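[1] Turn this into a structure:
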Amino acid sequence: MAKEVKAVIKLQAPGGKATPAPPIGPALGQHGVNIGQFVSQFNERTRDADGMTMPVVITVYADRSFDFVVKSPPAGVLLKKEANVAKGSGVPNKEKVGKVTKAQIRKIAEIKLNDLNAFELEKADRIIEGTARSMGIEVAG
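    Sure, this is the predicted structure:
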């Protein structure tokens, strides 16, 4: 028989460097989950992420056990890393803060394909290009 699901929690935590501090501690503590156990398992799975923000979906069961799925990093984080900028533009249509190539867009699209609403790599490229434009990052041919 399947376990009864008590809650589904979505968080973002630094890969390999998560701590029981907010937002993880309070979000899990209110459902009675062993926070230390989650943090150690999450850090073990995301060791190679080296502090990059990683979304995680945690399913908490009635017996206080849990499962979690680590998603790919947000497109904005990957774009900032590729363009080598600290943050996106406040006025993206007027002020450009960086530049990425089509090859870099393809690389990000390949990483994000499973988490995007697209089945083809070309469509995933378009989604990532749109995110880049909305951040003020120019896409060079």
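[2] count of neighbours near Ile24?
    Counted with other CB atoms under 10 Å, residues neighbouring Ile24 total 22. C-beta: built from backbone N, CA, C; applies to glycine.
[3] er, Ala103 actually
    Ala103, neighbours per other CB under 10 Å, totals 9.
[4] can you check Gln41 too?
    Gln41 has 15 nearby residues by other CB under 10 Å.
[5] mind checking the SS state of it?
    The three-state label for Gln41, taken from DSSP: H, G, I helix; E, B strand; the rest coil, comes out as helix.
[6] and stretch 123-133, how far out from the chain's middle?
    Distance of stretch 123-133 from its chain centroid, counting by CA atoms, centre = their mean, to the nearest Å, is 16 Å.
[7] Check what contacts stretch 46-54 and list those residues.
    12-18, 70-71, 73-74, 77, 81 (CB atoms under 8 Å, 6 or more residues apart in numbering).
[8] show me the contacts for Val100.
    Contacts of Val100 (CB under 8 Å, 6+ apart): Leu79, Glu82, Ala83, Ala132, Ile137, Glu138, Val139, Ala140.
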